[in-house]
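S.K.: Okay, sequence plus prediction incoming.
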Amino acid sequence: MIVSPSWAAPKRLVEASVSVPRWSPSSEISRREQMFLKRLGRTKKLFAFLREHRLDLFDDAFQDELAGMYRTTDEGKEPVAPALLAMAVLLQAYTGTSDAEAVELTVVDARWQMVLGVLSAEEPAFSQGTLQRFRERLIAHDMDRRLLERTVELAKTTRGFDFKKLPATIRLAVDSRPLTGAGRVEDTFNLLGHAARKLLECAAAVAGREPSELAAAVNAPSLAASSVKRGLDIDWNDPEQKADAIGQLVEQIERLEAWVQANLGSSAERPPLAEQLATLAQLREQDLESDPKGGGPRIRDGVAEDRRVSIEDPAMRHGRKTKSRTFNGYKSHLAADVDTNLILACGITPANAPEANALPGIIVDVAHFPERNQIGELHIDRGYVASNDVQALAANDVPIVAKPWHPRTGELFAKSAFKLDLDQLTITCPAGNTEKIQLGTIAHFPAESCDACPMRARCTKGALGRGRSVSIAADEPLQHELRRAIATPDGRARLRQRVMIEHRLAHHARKQGRRARYLGVRKNVFDARRHAATINLERLQLAEAA
Ligand code: SF4
């Protein structure tokens, strides 16, 4: 599958790009820069690499693409060259600096100044607002994906990589790690109180009143308190008072909602009021239930599926790293080329989403590469195997390298002790009895055979009159292949190649941190991509130095 490069700037856009400043720092290295480059041979070597390759990374074609972000919105001329701002985005990721720090570093840090081509400047190279607007524009045009792609394209032109020796298709490895969300995680009282306070403040602003005055008018005093728990003022160790308090809180919220609906007319049907009303409905739906003994609402027993955990970041979810270790936020997915170790794509999914949900976006991103955009082998954690994309790749004879699922049977005969014939769709047990199977169902051996079987004690713990059952996965043919592969030394050796993506993930976690910088999925995809880009650049720098 060859996918035409969607990033290629249309001719019309390229011609119009003259209105956007071009970044054209000198390619000559001054004596002062030589001194810096010599010193940077020891630490923070990426500064030196970026100084040397800045115009390779931001060549004319890519600068035209970046300029294309401005024209489609019909906005006026941007005074700072987009390529310079894109370089600043990379430096921010490399040094882990905020927007405010980045602005200052363009004045006080000679390494930043050298890379940006503003050595000795006494004024910042850009303002905080310009950098923020640029980031939003980059995201809106999906140009953060192109920034990551450019680091792979740059690898073809730098020493240290011989792309001619690489296989024509990509051996892609994909894995994920937990990413704690940036939003505050709150319990039911605080979630409801936080959401209700936002509604109160917004409704008061629309009505031209003070929040405290409105809260008093609708008899919802707890909603105006600095903390809803302080407003409710009960003994939080007393279960009865606590159960009563949730009812009081819901009553206050309902009075406020009724006032909004009755007094703010169509404003209540538009954002932000409509969204705030919807959030409150969502929170009550997920966290509360009717008390079966009467007496109004109570906090739900157990955690609702897809429970919202933060007001500030509605996409964050509860996730589970292991059976006993949980986290709140997202999963950060990386896809890398096994042969070059370069990261090709990033994805972010809510922490409770199956791994498989990340694969479609990753595959689309890989397909965007102008060359080597076909997957020739896929190395994945078994959590991704359920993806339809994996099934489609396997159906197209793309080898899938993953550990198979192993149903737990304790000391009883494992599923591997049964012979599956996926052509005839039959299963034969260790005693030689054969039954028909259907994919995605459970195969049952007849009770009369099992009751009389001398191997019964090693096969089933069911009572007499119940035969052994074996679950047949919907993707059984693939699972069967994975089980067959892992049984061979060659198959196990291929599985071990996946360790490179674990190293990339660990490196990414060290760079980006284990906590998200931004709220929401898309901004965190941007953050993942810019860190992946700097990791790729560091890899290029190392390869060149070797
Ligand atoms: S117990 Fe049933 S399924 Fe198991 S080996 Fe005997 S006959 Fe086969």
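M.R.: Everything's here; your move. Residues are numbered from 1 along each chain as shown.
S.K.: A helix includes Arg307, no?
M.R.: No: with DSSP: H, G, I helix; E, B strand; the rest coil as the criterion, Arg307 is assigned coil and is not in a helix.
S.K.: which SSE is the nearest residue to Gly181 once chain neighbours are set aside in?
M.R.: Using Cβ to Cβ, 6 or more residues apart in numbering and skipping residues adjacent in sequence, the residue nearest Gly181 is Gly329, 3.0 Å away. C-beta here means a position set from N, CA and C on the backbone, and glycine is covered the same way. Secondary structure from DSSP states H and E places Gly329 in strand 326-337.
S.K.: Give the buried residues for that strand.
M.R.: Residues of strand 326-337 classed as buried: Phe327, Asn328, Gly329, Tyr330, Lys331, Ser332, His333, Leu334, Ala335, Ala336, Asp337 (neighbour count, 16 or more other Cβ atoms under 10 Å).
S.K.: Could I get the contacting residues of Asn388?
M.R.: Ala356 (Cβ atoms under 8 Å, 6 or more residues apart in numbering).
S.K.: backbone phi and psi for it, please?
M.R.: The phi and psi values for Asn388, taken as degrees, to the nearest 10, are phi -60, psi -30.
S.K.: And Ala304, by the same measure?
M.R.: Main-chain torsions, Ala304, degrees, to the nearest 10: phi -70, psi 150.
S.K.: Can you name the residues that contact the nearest residue to it once chain neighbours are set aside?
M.R.: Sequence neighbours aside, Gln286 is the residue nearest to Ala304 in space, at 4.1 Å (criterion: Cβ to Cβ, 6+ apart). Residues near Gln286 by Cβ under 8 Å, 6+ apart: Arg300, Ala304, Asp306, Arg307, Arg308.
S.K.: can I assume the residue nearest to Gly181 is in contact with Glu312?
M.R.: No: using Cβ atoms under 8 Å, Gly329 makes no contact with Glu312, being 11.8 Å away.
S.K.: one step back: average pLDDT across the helix or strand hosting the residue nearest to Ala304?
M.R.: Per DSSP H and E, Gln286 falls inside helix 273-287. For helix 273-287, the mean per-residue pLDDT is 96.
S.K.: For it, list every residue counted as buried.
M.R.: Buried, per 16+ other Cβ under 10 Å, within helix 273-287: Leu273, Gln276, Leu277, Thr279, Leu280, Gln282, Leu283, Arg284, Gln286, Asp287.
S.K.: and the ligand, which of these contact it?
M.R.: On the criterion Cβ under 6 Å from any ligand atom, none of the entries of those sits beside the ligand.
S.K.: Let's have the residues you listed in TSV, adding distance to Arg159.
M.R.: Shown next, in TSV, are those (distance: Cβ to Cβ, whole Å):
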residue	distance to Arg159
Leu273	59
Gln276	56
Leu277	60
Thr279	54
Leu280	59
Gln282	55
Leu283	56
Arg284	61
Gln286	55
Asp287	58
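S.K.: The ligand: which of those residues is nearest?
M.R.: Gln286 (43.5 Å; Cβ to the nearest ligand atom).
S.K.: Next one: that closest one relative to Ala463, how far apart?
M.R.: 40 Å (Cβ to Cβ, to the nearest Å).
S.K.: what do you get for Ser267?
M.R.: Computed as Cβ to Cβ, the Ser267 to Ala463 distance reads 65 Å.
S.K.: Same check on Ala345?
M.R.: In terms of Cβ to Cβ, Ala345 sits 52 Å off from Ala463.
S.K.: So between those two, which is more surrounded?
M.R.: A direct count of neighbours by other Cβ atoms under 10 Å for Ala345 and Ala463 places Ala345 higher, at 27 against 8.
S.K.: Surely the more buried one forms part of a helix?
M.R.: No: counting by three-state DSSP, Ala345 is not found in a helix; it is strand.
S.K.: mind checking which helix or strand the closest residue in space to it that isn't next to it in sequence is in?
M.R.: Closest residue to Ala345 apart from its sequence neighbours, by Cβ to Cβ, 6+ apart: Asp365 at 3.8 Å. Element membership for Asp365, per DSSP H and E: helix 359-367.
S.K.: Mind giving me the packing neighbours of the strand holding Gly329?
M.R.: strand 170-180, strand 317-320, strand 343-350, helix 359-367, helix 499-512, helix 521-545 (3 or more Cβ pairs under 8 Å, 6 or more residues apart in numbering; DSSP states H and E).
S.K.: what does the protein put close to the ligand?
M.R.: By the rule Cβ under 6 Å from any ligand atom, the part of the chain lying against the ligand is 429-431, 433, 445, 449-450, 453, 455-456, 459-460, 467-468.
S.K.: Let me see the contact set for the closest residue to Leu412 other than its chain neighbours.
M.R.: Excluding the flanking residues, the one nearest Leu412 by Cβ to Cβ, 6+ apart is Cys459, at 5.9 Å. Contact analysis of Cys459 by Cβ under 8 Å, 6+ apart lists Leu412, Phe413, Cys429, Pro430, Ala431, Cys450, Cys453, Arg468.
S.K.: what about the second one, which SS state?
M.R.: Of the three states, Phe413 takes coil according to three-state DSSP.
S.K.: Double-check it against Arg458; I have them as touching.
M.R.: Yes: shown here, Phe413 and Arg458 form a contact pair, counting by Cβ under 8 Å, at 6.0 Å.
S.K.: More neighbours: the two, which one.
M.R.: Set side by side, Phe413 and Arg458 show more neighbours around Phe413, with 17 against 12, by other Cβ under 10 Å.
S.K.: And the more buried one, how close does it get to Lys461?
M.R.: Distance, Phe413 to Lys461, using Cβ to Cβ: 11 Å.
S.K.: Please apply the same query to Arg317.
M.R.: Relative to Lys461, Arg317 is positioned 37 Å away (Cβ to Cβ).
S.K.: Looking at the two, which is more packed in?
M.R.: The neighbour comparison of Arg317 against Lys461 (other Cβ under 10 Å) goes to Arg317, with 23 against 12.
S.K.: Next up, the contacts around that one.
M.R.: Contacts for Arg317 (Cβ under 8 Å, 6+ apart) come out as Asp306, Arg307, Arg308, Val309, Asn328, Gly329, Tyr330, Pro350, Ala351, Asn352, Ala353.
S.K.: now do 10 Å
M.R.: Residues in contact with Arg317 (Cβ atoms under 10 Å, 6 or more residues apart in numbering) are 181, 305-310, 327-331, 349-353.
S.K.: What subset of those is buried?
M.R.: By neighbour count, with 16+ other Cβ under 10 Å, the contacts of Arg317 hold 181, 307-310, 327-331, 349-353 as buried.
S.K.: Neighbour-wise, which one of the contacts of Cys459 leads?
M.R.: Neighbour counts for the contacts of Cys459 (other Cβ under 10 Å) peak at Arg468, which has 27 neighbours.
S.K.: what's the closest non-adjacent residue to that one?
M.R.: Take Arg468 and drop its neighbours on the chain: the residue closest to it by Cβ to Cβ, 6+ apart is Thr460, 4.2 Å away.
S.K.: Strands along the protein, start to end?
M.R.: Assigned by DSSP state E, the chain shows strands spanning 170-180, 288-290, 297-299, 317-320, 326-337, 343-350, 375-380, 400-401, 419-421, 426-428, 434-436, 441-444, 469-472.
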